[in-house]
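[1] Generate coordinates for the sequence data below:
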Amino acid sequence: MRFLTAATVLGLLAIVAPVNEALASGYSLFGDAQIVSPGNNSAQAAQIRSTCPGGPGICFLSGFTFGGIDFDIPAGLTFGNFLTLATDYKFTDGTCGGGGPRFQLNVTNGTNSGNIQVYIGPPPNYTFCPMNVYQSTGDLLEGANLIDTSQLPAGAFYDPYNVAVTKYGTYQVTGVQLVTDGGWSQLGNLQTVHADNVDINGTIYTFDEPQTKGACKKSGWEVVTRANGSEFKNQGDCVQYFNTGR
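    Take a look at the predicted model:
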């Protein structure tokens, strides 16, 4: 099943250097993404969301949103040496579909560049993920697991990982994102995913860094809480708390 986002949404994303909305150690949030509480056996998680107001016929002209996390990658890392890619994930709106959520690896050999897409959800269609319960992807970079290398020369929409390594193992990995942009595929035009315990080549991200007033933006005050678990009345109340501790 080829996702309709391949031409439309990826053209809108053009994710190579996303605009940072929040910065933390080793990663940055972009688009419609924020830190939320609680996580999966941790204090916090990252929420990524895609919306399509009015449905695909309307939102692709105006109003379509996506969100994601951009992870720092050390220089010189090749796809063949990239050994682990995994996350815990939970849907709070919608389900998997429309190409989201997925990991996106930016790769190049100096001549050819593109994204290797690693979809999340039950293969081969990557649809119908359960809601309101954390699932674990396990390591997505293993032998027979299917990944999308169609943006690269001789690539395929469904390449077994071991075949992809044979083709592109020497390509440099210049960036990795966890993104969702499948709001257009949902009955409610909304796709919201919580991600936690993300494993990027052996580095685990739990998103438990201290929050700042930036977490109050974009309705973040509705999900962020005080240290004692109490909720905020509005965005101003949330900002005041992080400014003053009261």
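[2] How many residues are close by Gly214?
    16 (other Cβ atoms under 10 Å). Any C-beta I mention is one placed from the backbone N, CA and C, and that applies to glycine too.
[3] Name the SS class of it, please.
    Under DSSP: H, G, I helix; E, B strand; the rest coil, Gly214 falls in the helix class.
[4] From Lys233, how far off is it?
    Gly214 sits 19 Å away from Lys233, going by Cβ to Cβ, to the nearest Å.
[5] quick check: longest helix of the chain.
    helix 235-244 (DSSP state H).
[6] Tell me which residues of that helix come out buried.
    Gln235, Cys238, Val239, Tyr241, Phe242 (16 or more other Cβ atoms under 10 Å).
[7] now stretch 112-132
    Gly114, Asn115, Ile116, Gln117, Val118, Tyr119, Ile120, Gly121, Tyr126, Thr127, Cys129.
[8] Of the residues you listed, which is the nearest to Asp196?
    Using Cβ to Cβ, Ile120 is the member of the buried residues of stretch 112-132 that lies nearest Asp196, at 13.2 Å.
[9] which ones are touching the closest one?
    Ile120 sits next to Thr87, Tyr89, Cys96, Pro101, Arg102, Phe103, Tyr126, Cys129, Thr137, Leu140 when contact means Cβ atoms under 8 Å, 6 or more residues apart in numbering.
[10] Not counting sequence-adjacent ones, nearest residue to it?
    Pro101 (4.8 Å; Cβ to Cβ, 6 or more residues apart in numbering).
[11] Help me confirm that the one you found comes into contact with Leu178.
    Yes - counting by Cβ atoms under 8 Å, Leu178 is a contact partner of Pro101 at 6.5 Å.
[12] Now the common contact residues for these two.
    Ile48, Ala195.
[13] sorry, back to before: can you tell me which of the buried residues of helix 235-244 is nearest Ser25?
    Of these, the one sitting nearest to Ser25 (Cβ to Cβ) turns out to be Phe242, at 18.5 Å.
[14] And the pLDDT for the closest one?
    Looking at Phe242, its pLDDT stands at 82.
[15] Contact partners for it?
    Gln211, Thr212, Lys213, Ala215, Cys216.
[16] Include distance to Pro74, neighbour count and pLDDT when you put the residues you listed into JSON lines, please.
    What follows is the contacts of Phe242, written out as JSON lines (distance: Cβ to Cβ, whole Å; neighbours: other Cβ atoms under 10 Å; pLDDT from 0 to 100):
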{"residue": "Gln211", "distance to Pro74": "27", "neighbour count": "24", "pLDDT": "66"}
{"residue": "Thr212", "distance to Pro74": "26", "neighbour count": "14", "pLDDT": "72"}
{"residue": "Lys213", "distance to Pro74": "31", "neighbour count": "16", "pLDDT": "76"}
{"residue": "Ala215", "distance to Pro74": "28", "neighbour count": "22", "pLDDT": "71"}
{"residue": "Cys216", "distance to Pro74": "33", "neighbour count": "23", "pLDDT": "81"}
